[in-house]
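Chemist: the sequence isn't on hand, but the structure is:
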């Protein structure tokens, strides 16, 4: 396999996908919808859960909310067995809540005990965003330290982290492009993807370490090509097995489950791609550059010694 020789193509594909996500964020922001479809857990607002107890249409609930409040495009999702609904909006006044509750109660003939209303303050949402960022950063730093120590190669640690950043950006792009609600399951999905992706990268770098004795420590291109070839079948089969499981959850799960498994499915594909085609190529560029710099320094010292003797 010519992984290194075609690195420009593989890295170019990754850049195009990431750029597509960034463009989607810009377009969404310019249109007034916001770069992401933030849920109330991130922006703050009002969450209403209703046990309707019968079949209903999301569009009917959306229309009631819009007619009885100043909210436009509320998030309306079926939950549980499809006979309950979760409504998430910006903060509602007491009059708006009463009007919405009355309209839904009259339409579906249900009592006030079927309604659960909660407010999420902006402070809580800001704390969640901060904690999410801290969690991802801490996870990446710990992974960097672990891989650098395990393989005694700092370039491998940096390569793995950059591959994880690639995966996170692809998942973010998917949130922007498909307008998947970004709620408290977002950080769980991202950390799950990071944990899954780093495992595949470690397997490849472990083969690189083993192959050094046979191929040569500084034969970086052959090391990557051989190591990826040795682990490719394992990586693909493991990813396909996990992807099929996640796909079943998406097909048969309720809306809240789909919101969680969709970014994981995207992350599995991105993580497999980055482990096979991105992490190794980044390591090749870093390691070969560091080796060239080290050889240049040795050559300079040798020339200096020769000049001093002369």
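Modeler: Thanks, I have the structure now. Keep in mind it's a predicted model, so treat the numbers as computed, not measured.

Chemist: could you pull out the helices for the stretch 51-200 of the chain?
Modeler: With DSSP state H, counting those that start in this stretch as the criterion, the stretch 51-200 of the chain has helices at 58-67, 94-108, 122-151, 154-178, 185-215.

Chemist: quick one, which of these is packed in tightest?
Modeler: For the helices of the stretch 51-200 of the chain, the stretch with the most neighbours on average is helix 154-178, a mean of 22; neighbours defined as mean count of other C-beta atoms under 10 Å. For glycine as for every other residue, the C-beta is placed from the backbone atoms N, C-alpha and C.

Chemist: packing partners of that one?
Modeler: helix 7-30, helix 122-151, helix 185-215, helix 255-273, helix 279-309 (3 or more C-beta pairs under 8 Å, 6 or more residues apart in numbering; DSSP states H and E).

Chemist: how about JSON lines for those, with mean pLDDT and distance to residue 111 added?
Modeler: Formatted as JSON lines, the helices and strands packed on helix 154-178 follow (pLDDT from 0 to 100; distance: least, C-beta to C-beta, whole Å):
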{"stretch": "helix 7-30", "mean pLDDT": "95", "distance to residue 111": "39"}
{"stretch": "helix 122-151", "mean pLDDT": "81", "distance to residue 111": "29"}
{"stretch": "helix 185-215", "mean pLDDT": "88", "distance to residue 111": "31"}
{"stretch": "helix 255-273", "mean pLDDT": "88", "distance to residue 111": "24"}
{"stretch": "helix 279-309", "mean pLDDT": "87", "distance to residue 111": "57"}
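
Chemist: now the ones you listed as JSON lines including distance to residue 225?
Modeler: Below are those laid out as JSON lines (distance: least, C-beta to C-beta, whole Å):
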{"stretch": "helix 7-30", "distance to residue 225": "11"}
{"stretch": "helix 122-151", "distance to residue 225": "18"}
{"stretch": "helix 185-215", "distance to residue 225": "10"}
{"stretch": "helix 255-273", "distance to residue 225": "17"}
{"stretch": "helix 279-309", "distance to residue 225": "9"}
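
Chemist: any chance of the helices of the stretch 51-200 of the chain in TSV with distance to residue 288 as columns?
Modeler: As requested, these are exported to TSV (distance: least, C-beta to C-beta, whole Å):
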stretch	distance to residue 288
helix 58-67	55
helix 94-108	62
helix 122-151	16
helix 154-178	9
helix 185-215	13
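
Chemist: so which of these is nearest residue 262?
Modeler: Among these, helix 154-178 comes nearest to residue 262, with 7.4 Å by C-beta to C-beta.

Chemist: follow-up on the earlier one: among the helices of the stretch 51-200 of the chain, which is nearest residue 19?
Modeler: Using C-beta to C-beta, those put helix 154-178 closest to residue 19, at 8.7 Å.

Chemist: let me see the mean pLDDT of the closest one.
Modeler: Averaged over helix 154-178, pLDDT sits at 93.

Chemist: relative to helix 185-215, how tilted is that helix?
Modeler: For helix 154-178 against helix 185-215, the angle by axes from the mean of the first three to the mean of the last three C-alpha atoms, to 10 degrees is 140 degrees.

Chemist: let's have the chain start at 469 instead
Modeler: Yep, numbering from 469; the last one is helix 622-646 now.

Chemist: between the helices of the stretch 519-668 of the chain, which gets nearest to residue 765?
Modeler: helix 622-646 (16.7 Å).

Chemist: what inclination does that closest one have with respect to helix 747-777?
Modeler: 140 degrees.

Chemist: just how off-centre is helix 622-646 within its chain?
Modeler: Distance of helix 622-646 from the chain centroid (C-alpha atoms, centre = their mean, to the nearest Å) equals 7 Å.

Chemist: repeat for stretch 651-667
Modeler: 6 Å.

Chemist: can you list contacts of it?
Modeler: For stretch 651-667, contacts defined as C-beta atoms under 8 Å, 6 or more residues apart in numbering pick out 507-510, 596, 599-600, 603-604, 607-608, 611, 615, 628, 631-632, 635-636, 639, 643, 710, 724, 727-728, 731-732, 735-736, 738-740, 742-743.
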